[in-house]
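[1] structural data only, the sequence is not supplied:
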């Protein structure tokens with residue numbers, strides 16, 4: 001019998017509340033501070049990175065499962081794809097203005 005089936009998902013609630021707090025913090029920094037735009041973007045990017053890590057551990061069950069090596073490989077591949085997509089998008093959007 002699975003002992004985890006009837007437990008209240010407290011880790012999901014904590015992860016959700018932490019994600020909400022980080023989102024509100026990012027919105028507050030963007031709208032209510034007089035920081036330079038680069039500092040705001042850096043701060044929001046850092047909060048996004050922390051929020052992604054929280055979601056991976058709290059919601060995606062990254063620590064669970066029998067094949068943790070496959071989880072690490074899949075996460076590395078997903079991270080690589082995200083970097084390629086973001087960097088490629090920035091490159092395409094910024095290089096079109098010069099022509």
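    The structure has been received and is ready for your questions. Since the model is a prediction, treat every value here as computed from it, not as a measurement. Numbers count the residues shown, from 1 in each chain.
[2] so who does residue 90 touch?
    For residue 90, the contact set (CB atoms under 8 Å, 6 or more residues apart in numbering) is empty. Yep, even glycine has a C-beta here, placed from its N, CA and C like the rest.
[3] can you read off the pLDDT for it?
    Residue 90 carries a pLDDT value of 90.
[4] residues of stretch 22-33 that come out buried?
    Residues of stretch 22-33 classed as buried by neighbour count (16 or more other CB atoms under 10 Å): 22, 26, 29.
[5] ah, wrong one, I meant stretch 11-18
    Under 16+ other CB under 10 Å, the buried positions of stretch 11-18 are residue 15.
[6] give me the average confidence score over that stretch.
    Mean pLDDT, computed over stretch 11-18, is 89.
[7] what lies in contact with it?
    51, 54-55, 57-59.
[8] now restrict these to buried residues only.
    Among these, the ones that count as buried by 16+ other CB under 10 Å are 51, 54, 58.
[9] other SSEs contacting the helix or strand hosting residue 39?
    Element membership for residue 39, per DSSP states H and E: helix 37-58. Under the contact criterion of 3 or more CB pairs under 8 Å, 6 or more residues apart in numbering; DSSP states H and E, helix 37-58 touches helix 10-32.
[10] I'd like the distance from the helix it packs on to the chain centre, please.
    Distance, stretch centre to chain centre, for helix 10-32: 12 Å (CA atoms, centre = their mean, to the nearest Å).
[11] before we move on, what about stretch 9-20?
    Relative to the centre of its chain, stretch 9-20 is centred 14 Å away, using CA atoms, centre = their mean.
[12] stretch 33-42 too?
    Relative to the chain's own centre, stretch 33-42 is displaced by 19 Å; criterion: CA atoms, centre = their mean.
[13] compute the inter-axis angle for the host helix or strand of residue 87 and helix 37-58.
    Following DSSP H and E, one finds residue 87 within helix 68-95. Interaxial angle, helix 68-95 versus helix 37-58 (axes from the mean of the first three to the mean of the last three CA atoms, to 10 degrees): 160 degrees.
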